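**Student:** Please find the sequence and the predicted model below.
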Amino acid sequence: MGEIWAVLEHEQGILHEQSSELLGEAVTIAREQQAEVHAIMLASSEISALTMLSSLAIATLDLVEHAHLAHYTTEGYVGALAWLIRQRSPQLVLTSATPNGRDYMPRLAATLRLPFLANCLGLDLRLDALFALRSIYEGRAYVQTRTMLHGQTALATLMPGVRGTRAKHETDTASPRVVKRYTPELAPGSGKVRRVALTASSLEEVELDVAERIVAGGRGIGQEGFTGMATFAHSVGAAVGATRVATDLGWVEHTRQIGATGKIVRPKLYIACGISGAAQHTSGMSEAQTVIAINPDRSAPIFSLADLGLLGDANQILPLATTLLEEMQHAKSE
């Protein structure tokens, strides 16, 4: 019987939020292929994997344990997974198209000379080929591709947020029925790259992935404008986002980038400040429920997506909006 692998990410004993979605896709493909689903986790020890996976109804968990896998490194993940794939030859290896997944998966494919498809919206295995649904032209169109496998293992990354989180069932309470442990043979010197420190964002910041409200800025508000924008965002309980230009210039960290090469968001409210509306950015926020655009250029493409458009400078409008909100809150408290 063939095997479908889902490589799960975790950090400090916490599974990545897209793990359930990734496993759901793996289960769907495995049912059609009458194959087994294997959750793959890389770590330096058993950690709390069984507890973490108890709510995901995993039948088989493969723990790949090595001292060099205590934290994520490209070299460690590529070496360990390459070793395991050579041992087992699965039909398909899936992981989420997170920053880590996008980093190691193409390198793993190049190392093993295996077919690889990136940023897939949906997958299907049949007729010794991998069919994938992918977006093109910055999300304005979709295409289904066919990659012939010739009996080889296929590798793919799945775009987060496409399938949605699988609902929990009452039976999803038991730990994995089968747990296998492997100690990979890593090349000498594979521990050259090591984590020195991890700097986390402020606890007061709202993460883009789960934010119901997002205030995003572009080149139009300038570097100093992001300070005022962040103040306004905090006052309305919103996350701060940015265009690629703003992150490339160093005004905001890259984890705040929204767009084709950043994060795909679906908030209830999206406020675009000084953003022209290039396709690279709008492909990442086009599914927002309500869009408010603030821009001094009446011909900016962003207005075509907006439910409400404000013609003006966001650096002048946002401070006024912040003041009005504070006055309203003060009036309510009295």
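**Tutor:** That came through, no problem.
**Student:** Grab the most central residue of the chain for me.
**Tutor:** For the chain, Thr98 is the residue whose C-alpha lies nearest the centre (Cα atoms, centre = their mean; 3.9 Å).
**Student:** isn't it right next to Gln18, touching?
**Tutor:** Yes - look at Thr98 against Gln18 with Cβ atoms under 8 Å: they come within range, at 7.0 Å. For every residue, glycine as well, the C-beta is placed using N, CA and C.
**Student:** tell me, what's touching these two both at once?
**Tutor:** Pro160 (Cβ atoms under 8 Å, 6 or more residues apart in numbering).
**Student:** what's the closest non-adjacent residue to Leu63?
**Tutor:** Arg181 (4.9 Å; Cβ to Cβ, 6 or more residues apart in numbering).
**Student:** Check the gap between that neighbour and Val64 for me.
**Tutor:** 8 Å (Cβ to Cβ, to the nearest Å).
**Student:** Neighbour count for those two, which is higher?
**Tutor:** Neighbours per residue (other Cβ atoms under 10 Å) separate Arg181 from Val64, with Val64 holding more: 21 against 10.
**Student:** where does that one land in three-state SS?
**Tutor:** strand (DSSP: H, G, I helix; E, B strand; the rest coil).
**Student:** my guess is it meets Ala39, correct?
**Tutor:** No - in this structure, Val64 is not within contact of Ala39 by Cβ under 8 Å, at 11.2 Å.
**Student:** tell me the contacts of Leu186?
**Tutor:** His66, His68, Gly76, Gly79, Ala80, Trp83.
**Student:** Tell me the one of those residues nearest Cys120?
**Tutor:** Using Cβ to Cβ, Ala80 comes nearest to Cys120 of the contacts of Leu186, at 23.0 Å.
**Student:** quick one: contacts for the closest one?
**Tutor:** For Ala80, counting by Cβ under 8 Å, 6+ apart, the contacting residues are Leu42, Val64, His66, Leu69, Pro184, Leu186.
**Student:** Within the sheet, what are the partner strands of the host helix or strand of Val93, with directions?
**Tutor:** Using DSSP states H and E, Val93 sits in strand 92-96. Partners of strand 92-96 in the sheet, by DSSP bridges, are strand 3-7 (parallel), strand 154-158 (parallel).
**Student:** Show me what secondary structure element comes after the first one.
**Tutor:** Downstream of strand 3-7, the next assigned helix or strand under DSSP H and E is strand 10-11.
**Student:** And the last one, by the same measure?
**Tutor:** Sequence order places strand 178-182 as the next helix or strand after strand 154-158, per DSSP H and E.
**Student:** who does the helix or strand following that next one pair up with?
**Tutor:** Using DSSP H and E, the helix or strand that directly follows strand 178-182 along the chain is strand 213-217. Each strand that pairs with strand 213-217, with its direction, by DSSP bridges: strand 239-242 (parallel), strand 269-273 (parallel).
**Student:** same question for strand 213-217, mean pLDDT?
**Tutor:** For strand 213-217, mean pLDDT rounds to 95.
**Student:** send the alpha carbons of it over as CSV?
**Tutor:** C-alpha atoms of strand 213-217 as CSV (Å, rounded to 0.1, in the frame of the first residue of the first chain):
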residue,chain,number,x,y,z
ARG,A,213,-9.5,43.7,10.9
ILE,A,214,-6.3,44.7,9.1
VAL,A,215,-4.9,48.2,8.4
ALA,A,216,-2.3,48.0,5.6
GLY,A,217,0.1,50.6,4.3
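**Student:** which other residues reach it?
**Tutor:** By Cβ under 8 Å, 6+ apart, strand 213-217 touches 208, 225-226, 229, 232-233, 236-243, 246, 251-252, 258, 265, 267-275, 285, 288, 314.
**Student:** show me where pLDDT drops low in the stretch 1-150 of the chain?
**Tutor:** The stretch 1-150 of the chain contains residues with pLDDT under 70 at 12-13, 45-58, 138-139.
**Student:** which helix of this protein spans the most residues?
**Tutor:** When the chain is parsed with DSSP state H, its longest helix is helix 314-333.
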